[in-house]
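S.K.: When you get a sec, could you give me coordinates for this:
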Amino acid sequence: MLRQAKDLKGYKLSARDGEIGSVKEFFFDDQSWAVRYLIAETGNWLTGRQVLISPYALDPARTDDKVIPVDLAREQIENSPSLDADKPVSRQYEMQYYPYYGYPGYWGGAYMWGSVGYPIRGQGGWSETTPHNENDDPHLRSTQDVTGRTIQAQDGAIGDVEDFVIDDETWAIRYLIVDTGNWWPGKKVLISTRWIEKISWEESKVFINLTRDTIKQGPEYTEAALITRDYETKLHRHCNREEYWADELPRKPQPAR
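M.R.: Presented below is the predicted three-dimensional model:
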């Protein structure tokens, strides 16, 4: 299901033996646009450190009571590798985090989650043979870092990043929600993360390979409406771009617990 990031923020995180906090923010890989970690707001429980929850630990979000179940115990999380609240996530840190939980390294394969397209438990764990270099840059950014950055089309700016659309099965960021501001007042558009050519952190811009007119003539985005596959198909066909679901691995069932 496709969900806005702002709607998931504030969801309670429920471990096997009690709540651990709520969703504060997301760290994503700016090359694959996959959410690698949820950042938990833990209140007074684990102050002074960032508490990161991998999608490998998550069960489907419940919209009725706004809870995301976490298949971990509170003690596991408390004893996990510590990361200072003001430190970035390095590959060196991940080389401690993934073996601790026994998760497969997502950087060890050709797909978004290593050898598969989804973060699935029970499909093999950490392996010492996973290719790695502790000095690698995992290219992790927070969604907060990108919010507000200018979207630059081939022939000019079209607006600013307002929010993100997340697929809560693959944990891929599928779209940026763009507020078109003074260019197209009162309108919002979706930009697929596959259409992004680069992010310039120095210029505070996200560059896409479409023209302003192509974007303006496409289907308008309305937050009140669900993003259906029919809408997505129309959007991709209008922009003459291949659908992301055309080349992704099919969903594998979650093992029974």
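S.K.: Domain-wise, how is this structure divided?
M.R.: The record's domain parsing of the chain by automatic domain parsing lists 2-141, 144-246.
S.K.: Including mean pLDDT, could the ones you listed go into JSON lines?
M.R.: Output for the domains of the chain, formatted as JSON lines (pLDDT from 0 to 100):
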{"stretch": "domain 2-141", "mean pLDDT": "89"}
{"stretch": "domain 144-246", "mean pLDDT": "93"}
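S.K.: Mind putting those domains into a markdown table with mean neighbour count?
M.R.: C-beta here means a position set from N, CA and C on the backbone, and glycine is covered the same way. Rendered in a markdown table, the data for the domains of the chain read as follows (neighbours: other CB atoms under 10 Å):
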| stretch | mean neighbour count |
| --- | --- |
| domain 2-141 | 17 |
| domain 144-246 | 16 |
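S.K.: Let's see the distance spanning stretch 54-63 from one end to the other.
M.R.: Using CA to CA, to the nearest Å, the span of stretch 54-63 from its first residue to its last is 20 Å.
S.K.: got it, and stretch 80-87?
M.R.: Start and end residues of stretch 80-87 are separated by 16 Å (CA to CA).
S.K.: how far out from the middle of the chain is it?
M.R.: The offset between the C-alpha centroid of stretch 80-87 and the centroid of the whole chain comes to 20 Å, using CA atoms, centre = their mean, to the nearest Å.
S.K.: quick one, what contacts the closest residue to Arg212 other than its chain neighbours?
M.R.: Once flanking residues are discounted, Arg212 sits nearest to Ala153: 4.8 Å by CB to CB, 6 or more residues apart in numbering. Residues touching Ala153, when contacts are defined by CB atoms under 8 Å, 6 or more residues apart in numbering, comprise 208, 210-212, 215.
S.K.: what do you get for Arg36?
M.R.: The contact partners of Arg36, taken as CB under 8 Å, 6+ apart, are 27-29, 54-55, 89, 106, 138, 140.
S.K.: Can you tell me which of the residues you listed end up in strands?
M.R.: When strands are assigned by DSSP state E, the members of those inside them are 27-29, 140.
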